[in-house]
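Q: Provided below for reference: sequence and predicted model.
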Amino acid sequence: MGVPGPAADERPLAVLVIDDERPALDELTWLLRRDPRVGEVHATDSPTDALRLLRQLEVDAVFLDVQMPGLSGIDLAQVLAQFRSPPATVFVTAHDEHAVEAFDLHAVDYVLKPVREQRLAEAVRRVVAAARAEPVAADPAEEQVAVERGGVTRFVAVSRIRHVEAEGDYARLHVDGESHLVRVPLSQLEQEWAAGGFVRIHRSRLVNTAYVEELHVDAGRCWVVVDGADLQVSRRHTRELRDLLVRRGRPRGTAAPGEPS
């Protein structure tokens, strides 16, 4: 499935790529030029030279590494934030320990190396959405699910559900300190509620990311805290979940990846 090009009334993006490692710079430049939504691609391996270019050029977005000699990517982003009309900032780095700091600077995205073309295409989509002042994802329509208890049918808003665990062909919904069993497989709920922020963290559990209070990584184990409960994250889903959480912004109380909790 290809990447959609710009609409007829939209001009392609002009971007600046900054990375002190030439192979990484060349690879990212090449990938961006393959994206039909991107037009001009300027590149430099010097943060100082990047500042000069930014005063001469009009760019929509800056794709930059974090760890660079002299002026780091974080330092450069702080300078860009002072511009009257700052370009969108996308960090592209091999290190995830600066993700929280990056999003405190209102970065549009944080992409980990090695960069996959599909993942970079998502970053470009976010830049386009930011340029149009659109939300990255529309809020899903309020949806309700019917649950039964003691012969009484109640309707619970999906947005109030904290997490869901599989029980055979059933799913147990945890909401407001209670749990309700519904005859729906977890795989179906994963598909239907993805737009509402539900993601799989284990083969037997979904979590509503809006209620993730803390994320912990220790000795190869990962878990999240939801409503005071520790929920294990499988290794298969750990990196995807961490990437999703830092892209959405630091959840309240979340320890930055690599930091002690």
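A: Okay, I see it.
Q: Residues touching the one helix or strand Ala121 maps to, excluding its own?
A: Applying DSSP states H and E as the criterion places Ala121 in helix 117-131. With C-beta atoms under 8 Å, 6 or more residues apart in numbering as the test, helix 117-131 has contacts from 3, 6, 13, 15, 28, 31-32, 34-35, 37-38, 60-61, 63, 88, 90, 108-109, 111, 135-136. C-beta: built from backbone N, CA, C; applies to glycine.
Q: how about a cut-off of 6 Å?
A: Contact partners of helix 117-131, identified using C-beta atoms under 6 Å, 6 or more residues apart in numbering, comprise 3, 31, 35, 37, 60-61, 88, 90, 108-109, 111, 136.
Q: for stretch 19-26, same thing?
A: Stretch 19-26 is contacted from outside by 43, 45, 65, 68, using C-beta under 6 Å, 6+ apart.
Q: SS state for Ala107?
A: Using DSSP: H, G, I helix; E, B strand; the rest coil, the structure places Ala107 in coil.
Q: what about the helix holding Ala121, average pLDDT?
A: The average pLDDT within helix 117-131 is 90.
Q: And for stretch 149-160?
A: Confidence over stretch 149-160, taken as the mean pLDDT, stands at 77.
Q: related to what we said a few turns ago, so which of the contacts of helix 117-131 are in strands?
A: Mapping the contacts of helix 117-131 onto strands (DSSP state E) picks out 61, 88, 90, 109, 111.
Q: ok so, going back, please pick the buried ones from the contacts of helix 117-131.
A: 3, 31, 35, 37, 60-61, 88, 90, 108-109, 111 (16 or more other C-beta atoms under 10 Å).
Q: Now flag whichever of the residues you listed is closest to Ile161.
A: Lowest distance from Ile161 to those (C-beta to C-beta) belongs to Asp109, with 27.6 Å.
Q: mind listing the strands in the stretch 151-261 of the chain by residue range?
A: Using DSSP state E, counting those that start in this stretch, the strands of the stretch 151-261 of the chain run over 152-157, 161-167, 170-175, 178-182, 198-202, 205-208, 212-218, 221-226, 229-233.
Q: just these: most buried one?
A: By mean neighbour count, with neighbours taken as mean count of other C-beta atoms under 10 Å, strand 205-208 ranks first of the strands of the stretch 151-261 of the chain at a mean of 22.
Q: Touching it from outside, list them.
A: Strand 205-208 is contacted by residues 161-165, 190, 197-198, 200-201 when judged by C-beta under 6 Å, 6+ apart.
Q: model confidence over that strand, on average?
A: Throughout strand 205-208, pLDDT has a mean value of 95.
Q: Each with direction, which strands does it pair with?
A: strand 161-167 (antiparallel), strand 198-202 (antiparallel) (DSSP bridges).
Q: what distance separates the strand or helix carrying Ala43 from the centre of its chain?
A: Using DSSP H and E, Ala43 maps to strand 38-44. Distance of strand 38-44 from the chain centroid (C-alpha atoms, centre = their mean, to the nearest Å) equals 23 Å.
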